[in-house]
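K.L.:
Provided below for reference: sequence and predicted model.
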Amino acid sequence: MVVKWISNIFNNKKDQAKNHIINLIDVAFADGNMDNAEMELIKSTALKSGITDEEFQEIISNPRSAKTYIPSDEKSRVEQLTEMVKIMIVDREIEEKEVKVCKKVAIQLNLAPQIVDELIDSLVLESRKQTRINLK
């Protein structure tokens, strides 16, 4: 019984990670294509989440194969949405379609869609500060 419980926890975490990667892919493709910076950031996130290269390739080829999973705690939901916004801004272009996808996911995560605008403002400002620091 304990082994099954531990197995379920592992499977739920894996399902959560796969679902999150699918959301990131949706944002990356919202503007019609996924550039290299977006792909590398998504793959890095996948590997950090315990998804193997093989599993990542499976998700890329069949993104609807993972179960939908919504984290129970607000912190995890905000972290997922933050990573989605990072994918949106990594190519230095924010498309309205990408914003709509993020807001749709925010609602699915039981978060106010306005948080997407706040995250964009915050992350763009942070990115500008880092760019200025790197230029000196």
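P.N.:
Here it is on my side, so go on. Numbering: from 1, shown residues only.

K.L.:
show me where the protein has helices.
P.N.:
Per DSSP state H, the chain carries helices over the ranges 2-29, 36-48, 53-61, 74-89, 96-108, 114-135.

K.L.:
quick one: those helices as JSON lines, columns for mean pLDDT too.
P.N.:
Written out in JSON lines, the entries for those read as follows (pLDDT from 0 to 100):
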{"stretch": "helix 2-29", "mean pLDDT": "69"}
{"stretch": "helix 36-48", "mean pLDDT": "91"}
{"stretch": "helix 53-61", "mean pLDDT": "89"}
{"stretch": "helix 74-89", "mean pLDDT": "90"}
{"stretch": "helix 96-108", "mean pLDDT": "90"}
{"stretch": "helix 114-135", "mean pLDDT": "79"}
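
K.L.:
for those helices, give me CSV that also has mean neighbour count.
P.N.:
To be clear about C-beta, it is placed using only N, CA and C from the backbone, and glycine gets the same treatment. As requested, the helices of the chain are arranged in CSV below (neighbours: other C-beta atoms under 10 Å):
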stretch, mean neighbour count
helix 2-29, 16
helix 36-48, 16
helix 53-61, 14
helix 74-89, 18
helix 96-108, 18
helix 114-135, 12
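
K.L.:
how about residue 107, what does it touch?
P.N.:
residue 113 (C-beta atoms under 8 Å, 6 or more residues apart in numbering).
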